[in-house]
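**Student:** generate coordinates for the sequence data below:
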Amino acid sequence: MKYMLMMNHPGKGPYQIASWSQADFKAHIEFMKNFAKKLGAAGELVAAEGLAGPDQAKVIRAGSDGKPITDGVFAESKEFIVGYWIVDVESTERAYAIAAEASAAPGPGGKPMNMAIEVRQVMSAPPV
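**Tutor:** Residues are numbered from 1 along each chain as shown. The predicted structure is shown next:
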């Protein structure tokens with residue numbers, strides 16, 4: 001079963017990792033790289049990416065003439081997704097365990113961030 005694990009960042013404005021010390025920033029990124037390698041070695045990683053902050057996001061919809069209409073920037077968002085993993089695992093419980101491990105990524109001073117990670121199954125077909 002495939003699951004998408006979405007890392008949510010609480011707070012307003014751009015992703016605050018840019019204001020961390022260089023050492024804390026490097027430790028966090030190193031954790032993420034090693035985490036992806038670990039999931040890849042286990043055969044569970046399908047894809048993983050970090051995302052730009054809400055200060056660069058737009059919502060697009062088609063206008064009545066079919067041309068794009070944009071909305072945003074949403075820098076005042078209460079929470080926003082900063083990255084995701086798609087994993088292919090044997091059970092929901094394993095997806096939850098992976099999400100919990102990702103949640104504990106180090107933040108300032110090496111303290112676990114305990115970020116919210118939203119877990120959703122990737123549907124391969126419409127529900128029956």
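**Student:** can you name every helix or strand that the strand or helix carrying residue 38 contacts?
**Tutor:** In this assignment (DSSP states H and E), residue 38 forms part of helix 22-41. Counting contacts by 3 or more CB pairs under 8 Å, 6 or more residues apart in numbering; DSSP states H and E, helix 22-41 is packed against strand 45-50, strand 79-88, helix 92-103. The C-beta positions use only the backbone N, C-alpha and C, and glycine is treated the same way.
**Student:** which of these has the lowest average pLDDT?
**Tutor:** For these, the weakest mean pLDDT is recorded on strand 79-88, namely a mean of 90.
**Student:** what lines up beside it in the sheet?
**Tutor:** Here strand 79-88 is paired, per DSSP bridges, with strand 2-10 (antiparallel), strand 45-50 (antiparallel).
**Student:** and the next helix or strand along the chain from the last one, average pLDDT?
**Tutor:** Read in the C-terminal direction, the helix or strand following strand 45-50 is strand 59-62, with elements assigned using DSSP H and E. Averaged across strand 59-62, pLDDT comes to 86.
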